[in-house]
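Trainee: Return atomic coordinates for the entry below.
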Amino acid sequence: MDNKSKRLIWFKGEIVPLDEAKINIMATTAQYGINVFEGIRCYFNEEKNKLYSFRLNDHIERLFQSAKLIKFILDDGITKEYVFNNLKNVIKANNDKEDLYVKINMFLDGEGSWSSMSPVGLVIYSFPKGRVYSDKTGITCCVSSWERISDFVIPPRIKAGANYINSRYALLEATMNGYDSAIILNRNGKVAEGPGACLFIVRDGKLVTPPITASILESITRQSILKIAKSELCLEVEERDIDRTELYISDEIFFVGTSVEVLPVLSVDKYEINGGEVGSVTKELRELYFQIVRGKQNQYSNWLSEI
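Mentor: Numbering: from 1, shown residues only. You can find the predicted model right below:
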């Protein structure tokens, strides 16, 4: 379907056209932006004529963790199995045979206050999506002047719409100053992550990434890359703090995330990384990742759900 407004979505218990999905302007989510969500990629394998969602069960598990942390009271019928099945139903209803991005959103419905815990609405929708920055070999970044949120402010392990205001400020600052994206430091002055993406560096043959306690989202793609790096490339992996200036002398840098997948960073604050070229480790990990998500590496078939 070319007309996005005519795409079918799951909304409040039924499949409806997108342009028929309405919420009350007085709903708590509209007033205060109170929601939790997941973004999930689905990849179409043309050879097998099959569509695979990547780590769908893990995304749904994190969605329910976010709902718990934000104190949502869900109806008894909204279970993990319910979300899983209706996500598949929405995709089948649209008869898609291409790469997709799927959003699951739990939002605070009804005319309550910002401290309300229910009622909670559920929406699931999908749309075709290719690779971001597909016109670029890699991207340029600056270190943001904005500090990453922390457990002292808003728990970064909650995947909530409100948390992305932090990323919005960092990204706007970067793009307004001529960069593609940003790297955000935490309250301790150590590297946290990028806007909607976790960060890895390669230094002296080791793959390094900030720890979970560095105010990052507990990223599913990050977990995947750590596993692939250890098991397939036999890389030594370190989860530790990264200083700002260590970025400048890194051999390679790349972002990972559901949206960005594996995205090379070619410079930080105008310091070139690897001479402004994509590094060999980044290339290998990216190639393996794309093979895995399309069902071309059988040892990772447990990460895929056929739609």
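
Trainee: where in this structure is pLDDT low?
Mentor: Where the chain drops to pLDDT under 70, the residues are 1-5.

Trainee: For it, which segments count as helices?
Mentor: Secondary structure of the chain, counting by DSSP state H: helices at 28-32, 56-69, 80-94, 164-176, 220-231, 244-248, 280-293.

Trainee: Output the second one as CSV, nothing but the C-alphas.
Mentor: So that's helix 56-69. Extracted C-alpha coordinates of helix 56-69, given in CSV (Å, rounded to 0.1, in the frame of the first residue of the first chain):
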residue,chain,number,x,y,z
LEU,A,56,10.9,-9.8,18.6
ASN,A,57,10.5,-11.6,21.9
ASP,A,58,13.3,-9.6,23.4
HIS,A,59,11.7,-6.3,22.3
ILE,A,60,8.3,-7.3,23.7
GLU,A,61,10.0,-8.3,27.0
ARG,A,62,11.7,-4.9,27.2
LEU,A,63,8.3,-3.2,26.4
PHE,A,64,6.7,-4.9,29.4
GLN,A,65,9.7,-3.9,31.6
SER,A,66,9.3,-0.3,30.5
ALA,A,67,5.5,-0.5,31.3
LYS,A,68,6.4,-1.9,34.8
LEU,A,69,9.0,0.9,35.5
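
Trainee: what sits up against it?
Mentor: Here helix 56-69 makes contact (Cβ atoms under 8 Å, 6 or more residues apart in numbering) with 36-40, 74, 80, 83-84, 87, 104, 106, 120, 155, 157-160, 218, 220, 223, 258, 305. Where C-beta positions appear, they are placed from N, C-alpha and C, glycine not excepted.

Trainee: Are any of the residues you listed buried, and if so which?
Mentor: Buried by 16 or more other Cβ atoms under 10 Å: 36-40, 74, 83-84, 87, 104, 106, 120, 155, 157-160, 220, 258, 305, out of those.

Trainee: Might one say that E246 is in contact with D204?
Mentor: No. Taking contacts as Cβ atoms under 8 Å, E246 lies outside contact range of D204: 11.1 Å.

Trainee: Please say which of these two ends up with more neighbours.
Mentor: E246 (14 against 8; other Cβ atoms under 10 Å).

Trainee: Run the chain-centre distance for stretch 126-142.
Mentor: Centroid separation for stretch 126-142 versus its chain: 13 Å, with Cα atoms, centre = their mean, to the nearest Å.
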